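In: predicted structure and sequence below. I'll ask about it afterward.
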Amino acid sequence: MKRIEVKLSLPVVAPLLDVMKTVADSLEHHLAVPLEHVEFDDDMRETWSTDLLGAQNDGVRSLLAMFDHEFFESGVVSFDEQNAEPILRACAALRLHLRERYLKSFEDESLESGDVEMEELSETLRPVFMCYVFLATIQELIIQHLDSEILEG
Amino acid sequence: MTTTSSATQPQHDTHTELSLAGACRVVVLNDPVNLMSYVVLVFKKVFGFDEQTARKHMLEVHELGRSVVWSGLREKAEAYAFTLHEWQLTAIIEPDEKN
């Protein structure tokens, strides 16, 4: 099984885990992508919501499980074919919710380009934005380093 | 004397016609959050697109705000839209007016 290990800076990443956990908790009963744009009957909406929420929560658990005992000892996290997809999706869900909950005042263009001055952010928003960027970095690592056999199969 | 034939004449002609009536389109809407590389990956994975096709649709989403990624029967459109939502993309289903 192909596996990639990444060594992260504990002092930098550990504070972001609090943000991640807060957002994960707040997402537990909500879909990161609401179904308001999809037209279907109430029964189907209910079924979709339940199933999508279950999948979303599974993914978030996989993401948080990456930061386990080994991470707090060595700073190392690992991705493999078992957890790559759920983690990719969970990163997307948390980023969408971070944007919705904390980063709405930013221009879309600034968020897409990452062109935000850290010094101009408040004490509260700084770790939030760092977490937003960190989750994107995890996604890029997975997309770049796990080959097509794993991710596109 | 009247002669009768045992052959039964059909009262109605029937024929089968394949129709895409009720056909739908799956449309992916833009969001300012998901990475371009992520969206390309999702399109490749969900629809089996090659890199070039996936990038074309991703750029349509990015630049035009939406891209029609699939069209066909409603049931399958719903399945695709559900999968796209699992990947945290905003997908809608709309009637395919061409069919």
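Out: Alright, I've got the coordinates.
In: C-alpha from now on. contacts and neighbour counts both.
Out: OK.
In: give the helix, strand or coil label for the spatially most central residue of chain B.
Out: Centroid check for chain B by C-alpha atoms, centre = their mean gives B:Ser71 as the closest residue, at 2.2 Å. B:Ser71 falls in the strand class when you classify it by DSSP: H, G, I helix; E, B strand; the rest coil.
In: near chain A, which residues of chain B?
Out: Residues of chain B lying close to chain A (C-alpha under 8 Å from any C-alpha of the partner chain) are B:32-35, B:37-38, B:41, B:44-45, B:82, B:85-93.
In: could you redo the last one with a cut-off of 10 Å?
Out: Residues of chain B lying close to chain A (C-alpha under 10 Å from any C-alpha of the partner chain) are B:29, B:31-38, B:41-46, B:48-49, B:78, B:81-83, B:85-94.
In: may I ask which helix or strand encompasses B:Glu94?
Out: Following DSSP states H and E, one finds B:Glu94 within strand B:90-95.
In: what's next to that strand, contact-wise?
Out: Residues outside strand B:90-95 that contact it (C-alpha atoms under 10 Å, 6 or more residues apart in numbering or on different chains): A:32-40, B:21-31, B:66-74, B:77-78, B:80-85.
In: what about the helices in the chain?
Out: Going with chain A. With DSSP state H as the criterion, chain A has helices at A:10-27, A:42-65, A:69-74, A:84-101, A:108-113, A:125-145, A:148-151.
In: please refer instead to chain B.
Out: For chain B, applying DSSP H gives helices covering B:36-47, B:51-64, B:74-86.
In: and these: which comes nearest B:Lys98?
Out: Closest to B:Lys98 of these, according to C-alpha to C-alpha: helix B:74-86, at 14.4 Å.
In: state the pLDDT value of the nearest residue to the residue nearest to the centre of chain B once chain neighbours are set aside.
Out: Nearest non-adjacent residue to B:Ser71, counting by C-alpha to C-alpha, 6 or more residues apart in numbering or on different chains: B:Arg25, 4.2 Å away. Turning to B:Arg25, the model gives it a pLDDT of 95.
In: also the one 5 residues further on?
Out: In the prediction, the pLDDT value recorded for B:Asn30 is 94.
In: quick check: it vs chain A, distance?
Out: 11 Å (C-alpha to the nearest C-alpha, to the nearest Å).
In: chain neighbours aside, what residue packs nearest to that residue?
Out: B:Asn30 sits nearest to B:Gly65 (C-alpha to C-alpha, 6+ apart), 4.8 Å away.
In: now restrict the residues of chain B next to chain A to buried residues only.
Out: B:29, B:31-36, B:38, B:41-45, B:49, B:78, B:81-83, B:85-94 (16 or more other C-alpha atoms under 10 Å in any protein chain shown).
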